[in-house]
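Visitor: Predicted structure and sequence below. I'll ask about it afterward.
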Amino acid sequence: MQTFAQRRDAVRKLDKRGAIAPFMIAAERLARDFPKRTLAWLELGIAYSYVARYADAARSFDKSIRLCKPEYRDHPFAWKGQMFRYQGKLGLAEKYFRRAIEVSPRNPDWWAFLAAVLARQGRLEEAKSAWRRQIKIGTGATDEGHCNLGLIYRSEKRFKLALRHAEKALQIDPDYSVAKALREDLVEALGGVS
């Protein structure tokens, strides 16, 4: 018989492969077989979020939160925020991303998730601040943070500053297609000057 860790690893591999139906089935079995494990309910909530079973996802995340020690609740909070983001409920998504940040303020992903939701709400100054925080933490997708700052600066017609951020993103990931397109757009706007 496999341990919980082995079973969860198998579930995670299905998720990473994008095998949504097998992921959901395996996550349901994991939660059934290990009903007192917070990570089992977290995986199930993620699977249900992917297939828009939002009420089931919310119940799974809430169960994960209840079972979890307070210092580890950042993941279920963040994933519940992602669920609300998928639904377009940006205010609720923001609330849960902020709760994840309260638990784990040095996790760059939570800052990136918050920044994206703030930007979608048109709260660009707050979004820039959150992306700067994500970059300052120095781990995670800092290329994405730079690119997104560049996108906001472009919207403000601060083209040189936007270009600097696009180039920083490309220094981190030379194949980042969004940053490449942003750089090309900005170079053209600046009259071919980089």
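Guide: Alright, I've got the coordinates.
Visitor: Please identify the helix or strand for residue 31.
Guide: Assigned by DSSP states H and E, residue 31 belongs to helix 20-33.
Visitor: try residue 181
Guide: Short version, using DSSP H and E: residue 181 is in helix 177-189.
Visitor: Could you list the buried residues of that helix?
Guide: Residues 178-180, 182-183, 185-186 are the ones in helix 177-189 that count as buried (16 or more other CB atoms under 10 Å). (C-beta placed from N, C-alpha, C; glycine too.)
Visitor: show me what contacts the residue most central in space within the chain?
Guide: Centroid-nearest residue in the chain, with CA atoms, centre = their mean: residue 113, separated by 4.5 Å. The contact partners of residue 113, by CB atoms under 8 Å, 6 or more residues apart in numbering, come to 78, 81-82, 85, 93, 97, 100.
Visitor: List just the nearest of the buried residues of helix 177-189 to residue 34.
Guide: When the buried residues of helix 177-189 are compared for distance to residue 34 (CB to CB), residue 178 wins out at 39.0 Å.
Visitor: got a list of what that closest one touches?
Guide: Applying CB under 8 Å, 6+ apart, the residues near residue 178 are residue 147.
Visitor: gap between it and residue 89?
Guide: 25 Å (CB to CB, to the nearest Å).
Visitor: Repeat that for residue 184.
Guide: Taking CB to CB, one finds residue 184 at 35 Å from residue 89.
Visitor: before we move on, what about residue 5?
Guide: Applying CB to CB to residue 5 and residue 89 gives a distance of 33 Å.
Visitor: ok, these two, which is more surrounded?
Guide: residue 89 (16 against 9; other CB atoms under 10 Å).
Visitor: which stretches of the chain aren't confidently modelled?
Guide: Residue ranges of the chain with pLDDT under 70: 140, 193-194.
Visitor: Just the helices from it, written as ranges.
Guide: Ranges of helices within the chain are 4-17, 20-33, 38-50, 54-67, 74-87, 90-103, 108-120, 124-137, 142-155, 159-172, 177-189, based on DSSP state H.
Visitor: Highest mean neighbour count out of the ones you listed?
Guide: When you average the neighbours per residue for each of the helices of the chain (mean count of other CB atoms under 10 Å), helix 38-50 leads with a mean of 24.
Visitor: which strands and helices sit next to that helix?
Guide: Packed against helix 38-50 by the contact rule (3 or more CB pairs under 8 Å, 6 or more residues apart in numbering; DSSP states H and E) you find helix 4-17, helix 20-33, helix 54-67, helix 74-87.
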